[in-house]
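Undergrad: no sequence for this one, just the structure:
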């Protein structure tokens, strides 16, 4: 892991800098879930915060390092935009968020409520955001999956998971890769034998194919059902980190995600968004190794009726 540009001391620092509302989320083993999945599973629930997702950890740590008067600019399918809006408002900054036309209305409403200026674009939101950021020196283009600080902030989830002894497999949803890289770095540095498994969707396999190839591969998204983990072109920095830190990558179908959403509601009392249920889906349909697995319910910003 010598070529990784993430730093363990930054993850430890992030745990002291990030707004406490995002930290120390519940993590527990549920006997009914263990029985359904045929193994002991630790579930960490990242939905009980003002954003209903884990994204606030990374965005807030990144924003903490910006100069006053900065405008944070990003292109997003939703959850990261909410996190940027929250962090900018907390730190006295401004937020300009570019989103696709067909963004989830749940995510759109929260971004606006948090004070972001939201721009809906018919095309690539990230490209539009990059062009806008380049027009003025006080604008910072923030790319989830590229910035080390965002992954280090998300890595605080690994710090918290490590408080539970005996975990041998960690199964995580993967969109841009910030979460899995940060968590994997912390866990592997403290428990080298832990196995890290990423989960993507069959309808949007860009990250899975890029991870296997070792370079960015663009894949058109077939649908927006699991928008939180559906990306077209991964960041090269994220692929490099994941190639060093991730042991396996599996895909699940939209039907698998729907079943996992129902499982979360029925047993955990949490209604995940499709992407947020990907870890549960993978543990249900794939024969993954390990006697004590951990996963994270990463978000609960599903539209209603469900997407």
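TA: That came through, no problem. Everything quoted here is computed from the prediction, not taken from an experiment.
Undergrad: Geometrically speaking, which residue is the centre of the protein?
TA: The residue lying closest to the centre of the chain (Cα atoms, centre = their mean) is residue 179, at 4.9 Å.
Undergrad: how close does the closest residue to it other than its chain neighbours get to residue 284?
TA: Excluding its sequence neighbours, the residue lying closest to residue 179 (Cβ to Cβ, 6 or more residues apart in numbering) is residue 154, at 4.5 Å. (Each C-beta comes from the backbone N, C-alpha and C, glycine too.) In this view, residue 154 and residue 284 are 24 Å apart by Cβ to Cβ, to the nearest Å.
Undergrad: ditto for residue 153
TA: Distance, residue 153 to residue 284, using Cβ to Cβ: 29 Å.
Undergrad: related to what we said a few turns ago, could you double-check that the residue nearest to the centre of the chain lies in contact with residue 173?
TA: Yes: contact criterion Cβ atoms under 8 Å: residue 179 and residue 173 qualify, at 7.4 Å.
Undergrad: List the buried residues for the helix or strand of the chain with the lowest mean pLDDT?
TA: In the chain, no helix or strand scores lower on mean pLDDT, DSSP states H and E than helix 105-113, which sits at a mean of 89. Under the neighbour-count criterion of 16 or more other Cβ atoms under 10 Å, helix 105-113 has 106-108, 110-111 buried.
Undergrad: helix, strand or coil for residue 199?
TA: At residue 199 the chain is in strand, as set by DSSP: H, G, I helix; E, B strand; the rest coil.
Undergrad: whoops, I mixed them up, residue 61
TA: With three-state DSSP as the basis, residue 61 sits in helix.
Undergrad: Now do the SS call for residue 47.
TA: Here residue 47 is recorded as coil under three-state DSSP.
Undergrad: What is the burial count for it?
TA: Residues near residue 47, counting by other Cβ atoms under 10 Å, number 23.
Undergrad: check contacts around it.
TA: 53, 270, 272, 276, 297, 299-300 (Cβ atoms under 8 Å, 6 or more residues apart in numbering).
Undergrad: one more time with 7 Å
TA: Neighbouring residues of residue 47 by Cβ atoms under 7 Å, 6 or more residues apart in numbering: 53, 270, 276, 297, 299-300.
Undergrad: And residue 199, by the same measure?
TA: The contact partners of residue 199, by Cβ under 7 Å, 6+ apart, come to 171-174, 250, 252, 278-279, 282.
Undergrad: any chance you could map the helices in the stretch 151-300 of the chain?
TA: Here the stretch 151-300 of the chain has its helices, by DSSP state H, counting those that start in this stretch, at 156-161, 178-190, 206-213, 236-245, 254-263, 278-285.
Undergrad: Just the buried positions in stretch 155-174, please.
TA: By 16+ other Cβ under 10 Å, the buried positions in stretch 155-174 come out as 155-162, 167, 169-174.
Undergrad: ok, those residues vs residue 127, which is closest?
TA: residue 174 (22.0 Å; Cβ to Cβ).
Undergrad: low pLDDT regions in the stretch 1-150 of the chain?
TA: Scanning the stretch 1-150 of the chain for pLDDT under 70 picks out the ranges 1-3.
Undergrad: show me where it has strands.
TA: Counting by DSSP state E, counting those that start in this stretch, the stretch 1-150 of the chain has strands at residues 27-29, 40-45, 71-75, 94-100, 117-121, 139-141.
Undergrad: Pull the residues that contact the first one.
TA: It refers to strand 27-29. 40-44, 160-161, 164.
Undergrad: repeat that for 8 Å
TA: Strand 27-29 is contacted by residues 40-45, 160-161, 164, 294 when judged by Cβ under 8 Å, 6+ apart.
Undergrad: Equivalent analysis for stretch 162-171, please.
TA: 27, 42, 161, 183-184, 186-187, 190-191, 193-197, 199, 279, 282-283, 288-295.
Undergrad: Next one: residue 184 from residue 295, what distance?
TA: Separation of residue 184 from residue 295 (Cβ to Cβ): 13 Å.
Undergrad: and if you look at residue 58?
TA: Here the criterion is Cβ to Cβ. By it, residue 58 lies 19 Å from residue 295.
Undergrad: Quick check on those two: which one has the bigger neighbour count.
TA: A count of neighbours by other Cβ under 10 Å puts residue 58 above the other of residue 58 and residue 295, at 34 against 26.
Undergrad: What distance do you get for the more buried one to residue 253?
TA: Distance from residue 58 to residue 253, counting by Cβ to Cβ: 28 Å.
Undergrad: What of residue 77?
TA: 19 Å.
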